[in-house]
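> Pasted the sequence and its predicted model underneath.
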There are 2 protein chains.
Amino acid sequence: MKLYDSRRAPNPRRVRWFMAEKGISDIEIVEVNIFAGEHRTPDYLAKAGLPNVPALELDDGSAITESLAICRYLEALYPEPNLFGRDPKETAVIEMWTRRAEMLLATPLMMTVRHGHPALAALEQQVPEIAEANRAQAERAIKVFDRRLAESPFIAADRLTIADIVAFTGLDFARMVKFQPPESAEHVRRWADGMRQREAASAGV
Amino acid sequence: MKLYDSRRAPNPRRVRWFMAEKGISDIEIVEVNIFAGEHRTPDYLAKAGLPNVPALELDDGSAITESLAICRYLEALYPEPNLFGRDPKETAVIEMWTRRAEMLLATPLMMTVRHGHPALAALEQQVPEIAEANRAQAERAIKVFDRRLAESPFIAADRLTIADIVAFTGLDFARMVKFQPPESAEHVRRWADGMRQREAASAGV
């Protein structure tokens, strides 16, 4: 298998972090330079179907895009440590929190960067109103996660799961627009410190 | 189990459609009136955690929100017909297409309605630029799905899956803002006609 990766983008980092937590080291990493348009070449599009990174090319030549679809596939092949849940109920709770992490926090932060950071003006027709609405959404989300992390060491369970990876990589990417949890979000800050200290935090950064 | 449902919102319809495809009829349905603010009462928030509908209350009193987490949970309890995939690779392909359906089409269309339809002004601080950018995104997505449906009877597989439910309920909701696939998107139109004729299309509509 080959993972088509892009160092600077936030979604590929989810997969690198996930692989590092599992100790997966037998998948070849191929760097795709988004700023050079390598994700839009006919070769890449024929493989991945859409100009999206990451993409996982399987041994049969087909490819899977979407970071979470890739991670769930890798979970089936490399089941330990478990990051998606061990039974239907735990899996549902982890998926619920992963989606909240993505939709309330990580995607709004990514949109804040895409529509608000000068370096991304080349990739996106920037709309300041979109950056602003998304930053406000992420600020509300920090409160939701702070309440959750007041009662739980990690976002979805008493151990690290895919929900933490999605939330933290989203938050860390938003340093580009100087977004950070306020002092008052003490539980988010404690959790973020813990995430930053994990070995996987430096996977391909 | 009880499903907290809201007839007019798009995400609960995914779950009703999913249950109808599986013939699930032993889950009590409780209507939550969003326009009357019933999703923001202390009772509802204590149960669901966030002011989100749908929510599935389990027999142990806990609740799962997020339509796709609920559907995947129900898939484990009611495995046939299979709508999420039978092996890791098929599951990954279905999740990839489900996420594309959601992020490229259904969510942009929902945002177009939320930021563009007068009836939703009470629930949302509407930003016309957001409605416009999302409508343009959905128009691009129709081309992606038209190419896909030129080569496949359904979005993710040769049978109906959760990806079709997410895409079609999103598209159908957008009739509120008079969005529909253009004549040129003949494969999307053929597929949408087929979806509209399924028995599940009328589940709770």
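Ah, there it is.
> State the distance from the closest residue to residue A:101 other than its chain neighbours to chain B.
Distance criterion CB to CB, 6 or more residues apart in numbering or on different chains; nearest residue to residue A:101, sequence neighbours excluded, is residue A:167 at 3.8 Å. In this view, the C-beta of every residue, glycine as well, is placed from N, C-alpha and C. Distance of residue A:167 to chain B, given as CB to the nearest CB, to the nearest Å: 15 Å.
> got the contact list for residue A:167?
Shown in contact with residue A:167 (CB atoms under 8 Å, 6 or more residues apart in numbering or on different chains): A:101, A:105-106, A:145, A:155.
> CA atoms only: put the host helix or strand of it into CSV for me.
Element membership of residue A:167, judged by DSSP states H and E, is helix A:162-173. In CSV, the C-alpha atoms belonging to helix A:162-173 read as follows (Å, rounded to 0.1, in the frame of the first residue of the first chain):
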residue,chain,number,x,y,z
ILE,A,162,-9.7,8.9,16.7
ALA,A,163,-11.9,11.7,18.1
ASP,A,164,-8.9,13.2,19.9
ILE,A,165,-6.7,13.0,16.8
VAL,A,166,-9.3,14.8,14.7
ALA,A,167,-9.9,17.5,17.4
PHE,A,168,-6.2,18.1,18.1
THR,A,169,-4.9,18.2,14.6
GLY,A,170,-7.7,20.7,13.7
LEU,A,171,-6.8,22.9,16.7
ASP,A,172,-3.1,22.7,16.0
PHE,A,173,-3.5,23.6,12.3
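> quick one: it to chain centroid distance?
A distance of 5 Å separates the centroid of the chain from that of helix A:162-173, by CA atoms, centre = their mean, to the nearest Å.
> quick one: average confidence on that helix?
The average of the pLDDT scores along helix A:162-173 is 97.
> In it, which residues are buried?
A:162-173 (16 or more other CB atoms under 10 Å in any protein chain shown).
> Out of these, which is nearest to residue A:20?
residue A:165 (9.8 Å; CB to CB).
> so of the contacts of residue A:167, which ones are in helices?
residue A:145 (DSSP state H).
> burial of the residue lying closest to residue A:160 once chain neighbours are set aside, as a residue count?
Take residue A:160 and drop its neighbours on the chain: the residue closest to it by CB to CB, 6+ apart is residue A:154, 5.4 Å away. Counted with other CB atoms under 10 Å in any protein chain shown, the neighbours of residue A:154 add up to 18.
> residue contacts, residue A:154?
Taking CB under 8 Å, 6+ apart as the definition, contacts of residue A:154 comprise A:160-161, A:163-164, A:191.
> Kindly recompute the last result at 7 Å.
A:160-161, A:164 (CB atoms under 7 Å, 6 or more residues apart in numbering or on different chains).
> where does chain A come near chain B, residue by residue?
Contacts of chain A with chain B, taken as CB under 7 Å from any CB of the partner chain, map to A:50, A:58, A:64-66, A:68-69, A:72-73, A:76-77, A:88-89, A:91-93, A:95-96, A:99, A:127, A:129-130, A:133, A:144.
> what's the burial count for residue A:123?
For residue A:123, using other CB under 10 Å, the count is 12.
> correction: residue A:1
Neighbours of residue A:1 (other CB under 10 Å): 16.
> In chain A, where is pLDDT below threshold?
Across chain A, not a single residue meets the criterion (pLDDT under 70).
> Tell me how it divides into domains.
A:2-77, A:88-202 (automatic domain parsing).
> With distance to residue B:3 as added columns, please give the ones you listed in CSV.
CSV is the format used below for the domains of chain A (distance: least, CB to CB, whole Å):
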stretch, distance to residue B:3
domain A:2-77, 24
domain A:88-202, 13
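> Quick one: closest of those to residue B:6.
domain A:88-202 (17.4 Å).
> end to end, how far does that closest one reach?
Start to finish, the residues bounding domain A:88-202 are 32 Å apart (CA to CA, to the nearest Å).
> So which residues make contact with stretch A:11-31?
A:1-7, A:53-54, A:67, A:70-71, A:74, A:78, A:81, A:83, A:160, A:162, A:165-166, A:169, A:199-200, A:203-204.
> So which of those residues sit within helices?
A:67, A:70-71, A:74, A:162, A:165-166, A:169.
> of all those residues, which two lie farthest apart?
Checking these with CB to CB, the most distant pair is A:74 and A:169, at 15.8 Å.
> re earlier: buried subset of the contacts of stretch A:11-31 as a ChimeraX selection?
Buried residues within those, by 16+ other CB under 10 Å, are selected in ChimeraX with:
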select /A:1,3,4,5,6,53,54,67,70,71,74,78,83,160,162,165,166,169,200,204
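> any chance you could read off phi and psi for residue A:65?
phi -110, psi -180 (degrees, to the nearest 10).
> How about residue A:196?
phi -60, psi -30.
> what's it in contact with, if anything?
Counted by CB under 7 Å, 6+ apart, residue A:196 has zero contacts.
> and if you look at the one 5 residues further on?
By CB under 7 Å, 6+ apart, the contact list for residue A:201 reads residue A:195.
> switch to 6 Å and redo it
Residue A:201 is in contact with no residue at all, counting by CB atoms under 6 Å, 6 or more residues apart in numbering or on different chains.
> mind checking how far it is from chain B?
25 Å.
> Report the secondary structure element holding residue A:133.
Counting by DSSP H and E, residue A:133 is part of helix A:128-151.
> okay, the angle between that helix and helix B:128-151?
80 degrees (axes from the mean of the first three to the mean of the last three CA atoms, to 10 degrees).
> Mind giving me the packing neighbours of helix A:128-151?
helix A:107-116, helix A:186-196 (3 or more CB pairs under 6 Å, 6 or more residues apart in numbering or on different chains; DSSP states H and E).
> For it, output the C-alpha coordinates as CSV.
C-alpha atoms of helix A:128-151 as CSV (Å, rounded to 0.1, in the frame of the first residue of the first chain):
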residue,chain,number,x,y,z
PRO,A,128,-13.9,37.2,5.0
GLU,A,129,-17.5,36.5,6.2
ILE,A,130,-16.9,32.8,6.0
ALA,A,131,-13.6,33.0,8.0
GLU,A,132,-15.4,35.1,10.6
ALA,A,133,-18.5,32.8,11.0
ASN,A,134,-16.2,29.7,11.3
ARG,A,135,-13.9,31.3,13.9
ALA,A,136,-17.0,32.1,16.0
GLN,A,137,-18.3,28.5,15.6
ALA,A,138,-14.9,27.1,16.7
GLU,A,139,-15.0,29.4,19.8
ARG,A,140,-18.4,28.0,20.7
ALA,A,141,-17.0,24.5,20.2
ILE,A,142,-14.2,25.0,22.6
LYS,A,143,-16.8,25.4,25.4
VAL,A,144,-18.5,22.2,24.4
PHE,A,145,-15.2,20.3,24.5
ASP,A,146,-14.1,22.0,27.7
ARG,A,147,-17.3,20.7,29.4
ARG,A,148,-16.7,17.2,28.1
LEU,A,149,-13.0,17.2,29.1
ALA,A,150,-13.9,18.3,32.6
GLU,A,151,-15.5,14.8,33.0
